[in-house]
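Peer 1: Predicted model follows, preceded by the sequence.
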Amino acid sequence: MTILRFGNTTSQLTDKISSLVPRTTQLQDLFDTYPNGVRHGTTFMIGSFQGEAGSSLQINIDIHGPNFMRGQDWATGDGIGGITKILMEGRGWTSREVAAHYQSFLGTPQEPAPENPIKPELANKPSPEPIPLQQPEQVGAKKVYNLDTPYDDEYTYTDADGVVLVTVRKYVEESEDGEVKKQFRQFMNGRMGLPEPRPLYNIPNILDAETVIWAEGEKCAEALIGMGFAATCTIGGAGMLSERVAHKFDFSPLEGKDVILWPDNDKAGRDLAALVERLAKDAGAKSTLMLRAPFGKPEKWDAADALDEQFDVHRFIRSSQSKIKKPIHLLDDSLNIGTYFVGRAPEQEYLINGTIPLGVPTIFAAAGDSGKGMMTLDLAMKVASGEPMQSAFGGMVSTFGDAIILSAEDDKDEMHRRIERMDPMGKRREYPNNLKILPLPNLGGVFPIMQKIDNSYVMGEEFGRIYDQILEMQNLALLVIDPMASFVHADVNADPAAGAAFMGMLAQISTETGATVMVNHHMAKIKDNDPVTTPEQARNLIRGTSAIVDGVRCAFTVWNVEERLGRQRCKDLNVDYARNTVFDGAVVKANGPANRDIRHFIRNPNTGLLEDRSEDIRNLALSDAVRNRLQHMFDFLAMMENDGNAVTKGGANDGAHEAIETSSSGEPCVIALKPFGESTVKNTITALQEAGRVDTYRLTQSGASKWLGVTGGPLSRGEYEARTARENL
């Protein structure tokens, strides 16, 4: 019978290691293998053999007890029979590698048994070459860290009173191949460990702050603290905080705070920040804001990198704080009318005067092949040109700046042909503002602005990257999305929730950029025998649920007019009639003041653009008698203004009708107007006002704006001199 020498089987080797290796050495190896573990008396707890934090795997660490280094993984039922099993599982070693690690305690390496005692028939087969036991340096033994180990940085976590809870030390090592690695170890009471619960960094300062910035790691938090911010982080970074152990972390110091999250510029960083954001909200944070790294920053770029490169961190954070989504608290006194609405109300700014507001989401709807793309291209070119007195959508362009067009259907060549027709002289090369046109068929195809994932509506990843760049543009006035259907991967036409979500996303983009976001959209097909005649009918034909129109601040539509009317207009204007040439248009939804008059458009045969011909059509519709009356009234008002006797539209003692009746002038305008009653006089003045030929002015700083003056007259120039009638003084 062959005798197996002690130590040659795995179980014998395990027993030998457990008995000969000092228990203090085994204990230190356990702590080094599982830095996320926690000591509770004579029990060491860790999540599993994989090393995550937790308490499922429990190990006895009583160095004086009989069950030292024994325990059980309660999640799997696996038993633990000593340090050998722990190192094999935790470090991925073989039993021979564990033996090599402890060689100095085990003595001379043992030779393998000469024969197989279980299957003797294998004894005559040649034995393989013995595998030499490796030395510790050969198996990559982990470095032992303790309080005496030299470190590179140290960070202290304290409670509100400044009492130290845990200290984190950073160790920077360089491998033989030059790779630099960082190791972090947490120490409590002279040994490695973590407190329960796990605290946030910089608690005394964040408790006194209204706004707190969370960053990934102590180095980033310290960089922000050095710039005057109240900053914090979570201990251990992404390696320690996960959904499973989130309950071990204490986020209560963030209660009532505005929390800004600055993740590292990579997926792991963003995932961790998203978890922290949720935990901060659960802890009662007043608001949260997730920062996006500026476009062009490298992978893993963080707050410490920003400090090193002298990046304008204050401006970066300040420009982002206006985007914080704050939950409503009705017990917050700052929402009282006397404190929330103070000072003069800001005037509504317009992209197109009286028609399209600035900084709001807008729907532009029309039937297919109406020329929506041409109209928005024309608008974008005029916005970027900076040239005043240009008309678009039936109004004057009143705001100039950068513009962007996202075109899903028209390729580069088609866009180029349209631009060439609109700008044959090449003035676009001298625009003072940027106009960026993205023909997506040439740029990798269309991407979703919004898509549905797991019953949630989220911003598309590719658009998210482009949106980061959009936010860097300081002078953006217009963003055109053409058409809506190509950019939304959800059923906005049938699902009210999808429509509301997309409109909400557009509102967010408008608010954050300050630009008008105009989305081209389709109207339902119009029947030839049932033409649209009113803006209300046009609004009802915008495709989709009511959430689409209800969710925007402004909606503008154009629609084909009935053929007979279209032919008459073309005849009056001496234009050749063709189908799809004559349109009406109007603002059909506005949340603020807007000119809701119907505008009349005729397609330019050279450019294909629908041009506003409203004034021409209105003038042609007037009879000679009406045109003459308008001109006589204009001449009368100009005469009275030049003589210092300006009149009002209908005052008791200074009205135009009374002035005409009592005038002894022999001027043709007075003679022509005398037969008309007061109502006709007022209506004629109103028509002149609507045409922009007459306006009202005040004579004194505190007086009423009621005195009538013609465009370019003394009142408009501030040169009026009143001569008679005390009411004029």
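Peer 2: That came in fine, so what should we check first? Numbers count the residues shown, from 1 in each chain.
Peer 1: rest of the way, CA atoms for contacts and neighbours
Peer 2: Noted.
Peer 1: any chance you could map the strands in the stretch 201-350 of the chain?
Peer 2: 211-215, 231-232, 258-262, 287-290, 350-352 (DSSP state E, counting those that start in this stretch).
Peer 1: centre of the chain versus the fourth one, how much separation?
Peer 2: Between the mean C-alpha location of strand 287-290 and the chain-wide mean there is a distance of 11 Å, by CA atoms, centre = their mean, to the nearest Å.
Peer 1: tell me the average confidence for it?
Peer 2: Average pLDDT, strand 287-290: 87.
Peer 1: And the second one, by the same measure?
Peer 2: For strand 231-232, mean pLDDT is 96.
Peer 1: name the helices or strands packed onto that strand?
Peer 2: The contact analysis (3 or more CA pairs under 8 Å, 6 or more residues apart in numbering; DSSP states H and E) places strand 231-232 against helix 203-207, strand 211-215, helix 218-226.
Peer 1: hmm, back to that, among the strands of the stretch 201-350 of the chain, which is the most enclosed?
Peer 2: Here the criterion is mean neighbour count by mean count of other CA atoms under 10 Å, and of those the winner is strand 231-232, at a mean of 28.
Peer 1: Mind checking the strands of the stretch 201-350 of the chain for the one nearest to Gly464?
Peer 2: If you check each of these against Gly464 by CA to CA, strand 287-290 wins as the nearest, at 13.1 Å.
Peer 1: buried set for stretch 429-445?
Peer 2: Tyr431, Asn433, Asn434, Leu435, Ile437, Leu438, Pro439, Leu440 (16 or more other CA atoms under 10 Å).
Peer 1: Flag the shaky bits of the stretch 551-700 of the chain, pLDDT-wise.
Peer 2: The model of the stretch 551-700 of the chain has pLDDT under 70 over residues 621.
Peer 1: What lies in contact with stretch 644-651?
Peer 2: Around stretch 644-651, the neighbours that count as contacts under CA atoms under 8 Å, 6 or more residues apart in numbering are 637, 640-641, 654-657, 659, 682, 685, 706-709, 720-725, 728.
Peer 1: if we go to 6 Å?
Peer 2: Met640, Asp654, Gly655, Ala656, Lys706, Trp707, Leu708, Glu721, Ala722, Arg723 (CA atoms under 6 Å, 6 or more residues apart in numbering).
Peer 1: Just give me how far that stretch sits from the chain centre.
Peer 2: Computed by CA atoms, centre = their mean, the separation of stretch 644-651 from the middle of its chain amounts to 54 Å.
Peer 1: Repeat that for stretch 293-304.
Peer 2: Per CA atoms, centre = their mean, the centroid offset for stretch 293-304 relative to its chain is 17 Å.
Peer 1: Low-confidence ranges, this structure, go.
Peer 2: Within the chain, the stretches with pLDDT under 70 are 1-10, 75, 107-144, 295, 319-329, 332, 527-529, 545, 621, 724-729.
Peer 1: Distance from the chain centre to the longest strand anywhere in it, please.
Peer 2: Taking residue count as the measure and DSSP state E as the definition, the longest strand of the chain comes out as strand 164-174. On the basis of CA atoms, centre = their mean, strand 164-174 sits 36 Å off its chain's mean C-alpha point.
Peer 1: which helices and strands does it pack with?
Peer 2: strand 153-158, strand 180-188 (3 or more CA pairs under 6 Å, 6 or more residues apart in numbering; DSSP states H and E).
Peer 1: Now render these as TSV, adding mean neighbour count.
Peer 2: Below are these laid out as TSV (neighbours: other CA atoms under 10 Å):
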stretch	mean neighbour count
strand 153-158	16
strand 180-188	15
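Peer 1: For the ones you listed, give me CSV that also has distance to Asn595.
Peer 2: Conversion of the helices and strands packed on strand 164-174 to CSV gives the following (distance: least, CA to CA, whole Å):
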stretch, distance to Asn595
strand 153-158, 61
strand 180-188, 65
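Peer 1: Out of those strands, which gets nearest to Asp550?
Peer 2: Distances from Asp550 to each of the helices and strands packed on strand 164-174 were compared using CA to CA; the minimum, 50.7 Å, belongs to strand 153-158.
Peer 1: Now do the closest one: which elements does it pack against?
Peer 2: Packed on strand 153-158, when contacts are counted by 3+ CA pairs under 6 Å, 6+ apart, are strand 164-174.
Peer 1: Name every strand pairing with the strand it packs on and say which way it goes.
Peer 2: strand 153-158 (antiparallel), strand 180-188 (antiparallel) (DSSP bridges).
Peer 1: Need the residues that contact stretch 535-548.
Peer 2: Contact with stretch 535-548 is made by Asn493, Pro496, Gly499, Ala500, Met523, Ala524, Val588, as judged by CA under 6 Å, 6+ apart.
Peer 1: one more time with 8 Å, if that's ok
Peer 2: Everything outside stretch 535-548 that qualifies as a contact, by CA under 8 Å, 6+ apart, is 365-366, 492-497, 499-500, 503, 521-524, 532, 549, 557-559, 585-589, 598.
Peer 1: ok, now stretch 631-643?
Peer 2: Defining contact as CA under 8 Å, 6+ apart, one finds that stretch 631-643 is touched by 646-647, 668-670, 672-673, 684-685, 688, 693-694, 708-710, 713-715, 720, 722-723.
Peer 1: how about the helices and strands packed on strand 231-232, which one is nearest Trp301?
Peer 2: Proximity to Trp301, assessed across these by CA to CA, is greatest for helix 218-226 (10.5 Å).
Peer 1: Glu210: neighbour count?
Peer 2: Other residues within reach of Glu210 by the criterion other CA atoms under 10 Å amount to 14.
Peer 1: what's the answer for Arg717, then?
Peer 2: By the other CA under 10 Å criterion, the neighbourhood of Arg717 contains 9 residues.
Peer 1: what do you get for Asp454?
Peer 2: 7.
Peer 1: hmm, back to that, could you give me the PyMOL syntax to select whichever of the contacts of stretch 644-651 are buried?
Peer 2: What follows is the PyMOL syntax for the buried subset of the contacts of stretch 644-651, where burial is set by 16+ other CA under 10 Å:
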select buried, resi 640+654+655+656+706+707+708+721+722
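Peer 1: In terms of distance to Leu335, which of the contacts of stretch 644-651 ranks first?
Peer 2: Nearest to Leu335 among those, with distances taken as CA to CA, is Lys706, at 38.3 Å.
Peer 1: which residues sit in contact with the closest one?
Peer 2: Contact criterion CA under 8 Å, 6+ apart gives Thr648, Lys649, Thr696, Tyr697, Arg698 as the residues in contact with Lys706.
Peer 1: Same list (those residues) but as CSV, adding distance to Pro253, secondary structure and neighbour count.
Peer 2: Listed next are those as CSV, based on distance: CA to CA, whole Å; DSSP: H, G, I helix; E, B strand; the rest coil; neighbours: other CA atoms under 10 Å:
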residue, distance to Pro253, secondary structure, neighbour count
Thr648, 66, strand, 23
Lys649, 66, coil, 21
Thr696, 60, strand, 17
Tyr697, 59, strand, 17
Arg698, 59, coil, 15
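Peer 1: among those, which two are most distant?
Peer 2: Longest distance between any two of the contacts of Lys706 is 13.4 Å, between Lys649 and Arg698; criterion CA to CA.
Peer 1: Now for the two: what residues contact both?
Peer 2: Listed as contacting both Lys649 and Arg698 by CA under 8 Å, 6+ apart are Lys706, Trp707.
Peer 1: just to revisit the earlier point, now, which of the contacts of Lys706 sits nearest Leu379?
Peer 2: When the contacts of Lys706 are ranked by distance to Leu379 (CA to CA), Thr696 comes first, at 30.7 Å.
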